[in-house]
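Asker: Sequence first, predicted model second:
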2 protein chains.
Amino acid sequence: MYLPEHFNEVDPEAVASLIAAAPLAALVAETREGLIANHIPLITTKDGALVGHVALANDMHRLIDDGQEVLAIFRGVDGYITPNSYPSKAEHHRAVPTWNYQVAHVYGAIHFQHDERSKRAALGLLTHAQERRVSGDKAWRMSDAPADYIADMLAKIVAFRIVVTRTIAKSKLSQNRDARDFDGAVAALRERGESALADAMEARRPKGA
Amino acid sequence: MYLPEHFNEVDPEAVASLIAAAPLAALVAETREGLIANHIPLITTKDGALVGHVALANDMHRLIDDGQEVLAIFRGVDGYITPNSYPSKAEHHRAVPTWNYQVAHVYGAIHFQHDERSKRAALGLLTHAQERRVSGDKAWRMSDAPADYIADMLAKIVAFRIVVTRTIAKSKLSQNRDARDFDGAVAALRERGESALADAMEARRPKGA
């Protein structure tokens, strides 16, 4: 990934927040059938690995070797920035459009897990995190469902664990603009209803702006 | 990509709309340095190719061979679906969580373009589409900026064109649920403010629901 210094996201908490807020990773691998990608919600374990699961019918776990390097791409909000939103543009017109976004590219060695304990653990972690967010104290739990049904579901999936080897992340959020143009870009986004990107930008406000 | 029949997106217009609405692609390639990915807004040309540009400082155009296969991943809205949102869950509890999303995986042969005409064309197409959307009749144009400034900018980028060989797309939007559970999932998303995903689901309402 092209990573100019001012867009390099080196804050581990910012990266962890991005992954937690946008857990649907594009999981990419080079295989004997070429590049493959699958979209899978992943969750970070306490020891820093990423875990997830796929349908047993998903060829991914047959095409990717155990221990092979995979790339998990996480993406936050993104949007177009028009030069019209920069007050400085009206003065010298020396501005071009750009695109803002936050991404994390996590590389690691993948290990597939067919044992029931690992599958239950992967499902439990993901479900717990999401249910806490959307259902609060009415959180759905695996134990809400009949045991035979869950056993049937577990038989149809494979879990996996990615041991992370390298993470690179980019917060491209107009930190390279001066305060006036930065504020103009944020205001223009809010005006057209793209408040999530505006919020992400303000959380990464350029120094001195 | 794992693609059960009921989630296979075969409508070319739906794929085109997804790409136009979420043009920031994760452009992935296998190189001598391993898997690389860059996030780049792409636009479809009249003849069905994808065009874009990157900074000349982005190693991508040196690591990827001319004509090499790349994968452009486009993603629309996504979100978690809790079993709690299915009315049928209260009756038999035979339901598990899932994740909804729309994606298009576009494979093609990439060709980098260093000539000024191609670079102007790539910038023009992208800018025109985005400016029409965000600035309307006040659209920014390259000609708004001083010629020496644009010449300087053009010298710092490389354009590229991806000749598409294969597109696979997935609309995983609860089309496999019955009408009652489908409506419950849509209502739950609206209640927690995830209306973009609810809209995407209703646009792909299951037959008979």
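Answerer: Done, it's in. Residues are numbered from 1 along each chain as shown, chains lettered A, B, ... in the order given.

Asker: can we go C-alpha only for contacts and neighbour counts from here?
Answerer: OK.

Asker: Can you show me the strands along chain A?
Answerer: Taking DSSP state E to define them, one finds strands in chain A at A:24-31, A:34-41, A:43-44, A:50-55, A:69-81, A:98-113, A:157-172.

Asker: Turn those strands into CSV, columns for mean pLDDT, mean neighbour count and distance to chain B.
Answerer: Listed next are the strands of chain A as CSV, based on pLDDT from 0 to 100; neighbours: other C-alpha atoms under 10 Å in any protein chain shown; distance: least, C-alpha to the nearest C-alpha, whole Å:
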stretch, mean pLDDT, mean neighbour count, distance to chain B
strand A:24-31, 98, 22, 7
strand A:34-41, 97, 20, 5
strand A:43-44, 96, 21, 13
strand A:50-55, 97, 22, 8
strand A:69-81, 97, 23, 7
strand A:98-113, 98, 20, 7
strand A:157-172, 97, 20, 10
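
Asker: gap between residue A:142 and residue A:52?
Answerer: Note on residue A:142: its distance to residue A:52, by C-alpha to C-alpha, to the nearest Å, is 16 Å.

Asker: Make TSV out of the strands of chain A and add distance to residue B:152.
Answerer: TSV is the format used below for these (distance: least, C-alpha to C-alpha, whole Å):
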stretch	distance to residue B:152
strand A:24-31	35
strand A:34-41	36
strand A:43-44	43
strand A:50-55	43
strand A:69-81	20
strand A:98-113	16
strand A:157-172	22
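
Asker: ok, now which ones touch residue A:30?
Answerer: By C-alpha atoms under 8 Å, 6 or more residues apart in numbering or on different chains, the contact set of residue A:30 is A:36, A:64, A:70, B:30, B:35.

Asker: quick one, which of the strands of chain A is nearest to residue B:146?
Answerer: The closest of the strands of chain A to residue B:146 is strand A:98-113. By C-alpha to C-alpha, the value is 17.5 Å.

Asker: So what are the sheet partners of that closest one and their directions?
Answerer: Its sheet considered, strand A:98-113 pairs with strand A:69-81 (antiparallel), strand A:157-172 (antiparallel) by DSSP bridges.

Asker: The shortest one versus strand A:24-31: what angle between them?
Answerer: Between strand A:69-81 and strand A:24-31, the angle comes out at 130 degrees (axes from the mean of the first three to the mean of the last three C-alpha atoms, to 10 degrees).

Asker: what does strand A:69-81 rub up against?
Answerer: Residues from elsewhere that reach strand A:69-81, judged by C-alpha under 8 Å, 6+ apart: A:18-19, A:21-30, A:97-110, A:185, A:189, A:194, A:196-197, A:200, B:24, B:35, B:130.
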